[in-house]
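Just the structure for this:
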Amino acid sequence: MKGIDCATPITTITAKALAAAGMGFVCRYLVPDKPSYKWKRLTKKEAEIITAAGMLVVSVFETTANRPAGGAAAGKEDGLLALKEALAVGQPKGTTVYFAVDYDARQEDYSAIEEYLRAADDILDGYEVGVYGSFAIVEEMARRGVVKHFWQTYAWSRGQKCSCANIYQYKNDQPLAGIQVDFNESYGDEGWWSTKTEEVIPALFKDIVNHWAKGDIEWLAERGLVAKTENFRPNDTITRAETAVLIKRTIEYVIKEVPSKTS
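Below you'll find the predicted structure:
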């Protein structure tokens, strides 16, 4: 799915234009309500506007570019700020807040960045934590098992692309819908969200026309193995209990519908 990130707040007119241009998600900033950051701050009203246009929201926290180099103390402070903002905009629990490493981080910064992310994760109860950064950052944080979600930028990546990326930012500072945006594409398990959960569910059959799993999901739905109203999307992880239910339904279907073969 194609999407954008930007520092400019999205208006109703802009949201409609972005959706008409084929954008499926918008990445916006969770930042404190302070003069230094307020100009780029996501609000609940804006999140509702994005949702109303049929797009999903990706949350990213960033105050200064190299803030994660501040380690655990900075991560704890920013985790508290991000939690406050996530709750204020109505971001559902279980979705992701990305923390930006928005500079060409050096290897000697990696441990401090890990401490920053782990400290933020400890604070963000109920939310997943992701990292935005270069190829080296997402690769290293994935290798260390620090977070579960990865948003890679082509910047400072020297032509390399991480196989673990859930979102990939491939072009910056492009004009679209009257504002400057960065272009992104997503590959699954993004952790995005909507102000209205029920609007995410129809995306299973309406908004992911080109999703690789669409045909398989429709096949299962036609046979009663999954229902279109069930609260999941193709990229969601499922629990062991849910897996057991799907396996049981499949076995029951095979026993009932598939004729037994005799030798």
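
if I look at the nearest residue to F183 once chain neighbours are set aside, how far off is E185?
Leaving aside its sequence neighbours, F183 sits nearest to K171 (C-beta to C-beta, 6 or more residues apart in numbering; 4.4 Å). Glycine gets a C-beta too; all of them are placed from N, C-alpha and C. Counting by C-beta to C-beta, to the nearest Å, the gap from K171 to E185 is 10 Å.

Of these two, give the one with the bigger neighbour count.
E185 (14 against 11; other C-beta atoms under 10 Å).

Kindly list the longest strand within this protein.
Longest strand of the chain, by residue count under DSSP state E: strand 167-176.

So for it, mean pLDDT?
Regarding strand 167-176, the rounded mean pLDDT is 98.

helices and strands around that strand, which ones?
The contact analysis (3 or more C-beta pairs under 8 Å, 6 or more residues apart in numbering; DSSP states H and E) places strand 167-176 against strand 2-5, strand 149-153, strand 179-186.

in it, what counts as buried?
Going by neighbour count (16 or more other C-beta atoms under 10 Å), the buried part of strand 167-176 is I167, Y168, Q169, L176.

For the protein, which segments count as helices?
Remark: helices assigned in the chain by DSSP state H are 12-20, 44-52, 71-89, 110-123, 135-143, 197-200, 214-222, 240-257.

Is it possible to get JSON lines of these that adds mean neighbour count, distance to Y154 and mean pLDDT?
Output for those, formatted as JSON lines (neighbours: other C-beta atoms under 10 Å; distance: least, C-beta to C-beta, whole Å; pLDDT from 0 to 100):
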{"stretch": "helix 12-20", "mean neighbour count": "18", "distance to Y154": "21", "mean pLDDT": "98"}
{"stretch": "helix 44-52", "mean neighbour count": "19", "distance to Y154": "24", "mean pLDDT": "97"}
{"stretch": "helix 71-89", "mean neighbour count": "19", "distance to Y154": "25", "mean pLDDT": "98"}
{"stretch": "helix 110-123", "mean neighbour count": "21", "distance to Y154": "19", "mean pLDDT": "98"}
{"stretch": "helix 135-143", "mean neighbour count": "20", "distance to Y154": "8", "mean pLDDT": "98"}
{"stretch": "helix 197-200", "mean neighbour count": "14", "distance to Y154": "28", "mean pLDDT": "49"}
{"stretch": "helix 214-222", "mean neighbour count": "14", "distance to Y154": "28", "mean pLDDT": "68"}
{"stretch": "helix 240-257", "mean neighbour count": "11", "distance to Y154": "36", "mean pLDDT": "72"}
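
Can you add distance to F61 and give those helices back as CSV?
Compiled in CSV, the helices of the chain are given as follows (distance: least, C-beta to C-beta, whole Å):
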stretch, distance to F61
helix 12-20, 22
helix 44-52, 15
helix 71-89, 4
helix 110-123, 8
helix 135-143, 15
helix 197-200, 22
helix 214-222, 32
helix 240-257, 30
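
Of all these, which one comes closest to S59?
helix 71-89 (6.4 Å; C-beta to C-beta).
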